[in-house]
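Asker: Whatever this is, show me its structure:
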Amino acid sequence: GTLGVITAATLKLHPLPVARCTALLALDSIESAIVMLGRARAGLGASLTGFELMAGNCLQDVVRCFPQQRLPFEGASAELPWFALLELSDSESEAHARERFEVVIGEAIEAGCVQDAVIAESMAQSHALWHLRESIPLAGRMSGEDVKHDVSIPVSRMAEFVVGTNAALQAAFPGIRHVIFGHLGDGNLHYNVARGADWAEGQLLARQDDVYALVHHRVHAVGGSISAEHGVGQLKRDALPEFKDPVEMALMHRIKAALDPQGIMNPGKVLGRHGAQPLSHPLGEKAS
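Answerer: Residues are numbered from 1 along each chain as shown. I've put the predicted structure just below:
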């Protein structure tokens, strides 16, 4: 931590759920994914413990790189542009969990929100569905270096961000590939940009600062954050002042200076090498 060192922690434990249900949903748009998230929240409440959004090309990369895995859809469903991994954790019974799960998914299919669905019939099938999701970063690494973004977007503006940013990137860097997946429930999106057939890996990496700038400005425009679960660290440290309110930046510097005047806690991260130095201009001389 940049502000302290953890010396003790207290954990609150909860019983493991007695039943889990997992399904992979095939969707025709990111808008449908957002509608499905609302349906799942309304129908499952706090029992909804997973809602992972994945672009179709991400899963195609997985089955190409790892032939032992397969997408459990055939025909047109396998070619749809978006998929969601849905999980329910129930504290009552297997039958209760399954009934609630099937009702929510069945109603979504009838409403046209979900085009197709596969519900795991065993723990092994559930693990196989999760393995598809968890293999996306591995498949990405096998396909070559890409420009990674770990951002947070308001769910209500997720579709606007993805569609608009995809178009802006294609206009600026024709032929690049979009590798998009993340935790839709909290708006955390891994929005990665990979080279297309017409791009050499070195060409894309040489333009990565331009890609970062375009994506970060799009994130800011929809009220999102350029940093999500992976933090600011060093990679986004220099970009932070551009997107953070000057008063907030000043407060961060002053808190750092008060708690770590020598700059020895996680040096060089978030606020930079001189992060412990107080700033005076945004707060005024009378600020405390």
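Asker: Helix or strand: which one has the spatially most central residue of the chain?
Answerer: The C-alpha lying nearest the average C-alpha coordinate of the chain belongs to L189 (C-alpha atoms, centre = their mean; 2.5 Å). Taking DSSP states H and E as the criterion, L189 maps to strand 188-194.
Asker: which is the next helix or strand following that strand?
Answerer: Moving toward the C-terminus from strand 188-194, the next helix or strand (DSSP H and E) is helix 201-206.
Asker: Show me what the strand holding L189 is packed against.
Answerer: Other elements packing on strand 188-194 under the criterion 3 or more C-beta pairs under 8 Å, 6 or more residues apart in numbering; DSSP states H and E are helix 136-142, strand 150-152, helix 158-172, strand 177-183, helix 208-221. Using the backbone N, CA and C atoms, a C-beta is placed for each residue, glycine as well.
Asker: Please identify the buried residues of the third one?
Answerer: In other words, helix 158-172. Residues of helix 158-172 classed as buried: 158-162, 165-166, 169 (neighbour count, 16 or more other C-beta atoms under 10 Å).
Asker: ok, of those residues, which one's closest to E110?
Answerer: Within the buried residues of helix 158-172, the smallest distance to E110 is 22.3 Å, found for A159 (C-beta to C-beta).
Asker: shaky segments in this structure?
Answerer: Scanning the chain for pLDDT under 70 picks out 272-288.
Asker: Where do the domain boundaries of it fall?
Answerer: With automatic domain parsing serving as the domain definition, the record reports that the chain contains domains spanning 19-138, 145-221, 245-288.
Asker: Centre of the chain to stretch 147-166, how far?
Answerer: Between the mean C-alpha location of stretch 147-166 and the chain-wide mean there is a distance of 9 Å, by C-alpha atoms, centre = their mean, to the nearest Å.
Asker: roughly how far apart are H183 and D150?
Answerer: When distance is defined by C-beta to C-beta, to the nearest Å, H183 is 11 Å away from D150.
Asker: Name the residue in these two with the higher neighbour count.
Answerer: In this comparison of H183 against D150, neighbours counted by other C-beta atoms under 10 Å, the higher total goes to D150 at 19 against 16.
Asker: Show the end-to-end separation of stretch 10-26, please.
Answerer: End-to-end span of stretch 10-26 (C-alpha to C-alpha, to the nearest Å): 41 Å.
Asker: Can you give me the buried ones in that stretch?
Answerer: Buried residues in stretch 10-26, defined by neighbour count with 16+ other C-beta under 10 Å: 19-26.
Asker: Between those residues, which sits nearest V247?
Answerer: Of all the buried residues of stretch 10-26, the one with the least separation from V247 (C-beta to C-beta) is L25, at 42.9 Å.
Asker: ok, the nearest residue to the closest one once chain neighbours are set aside - how many residues close by?
Answerer: Spatially, and ignoring its direct neighbours in sequence, L25 is nearest to A84 (4.5 Å; C-beta to C-beta, 6 or more residues apart in numbering). By other C-beta under 10 Å, 25 other residues sit near A84.
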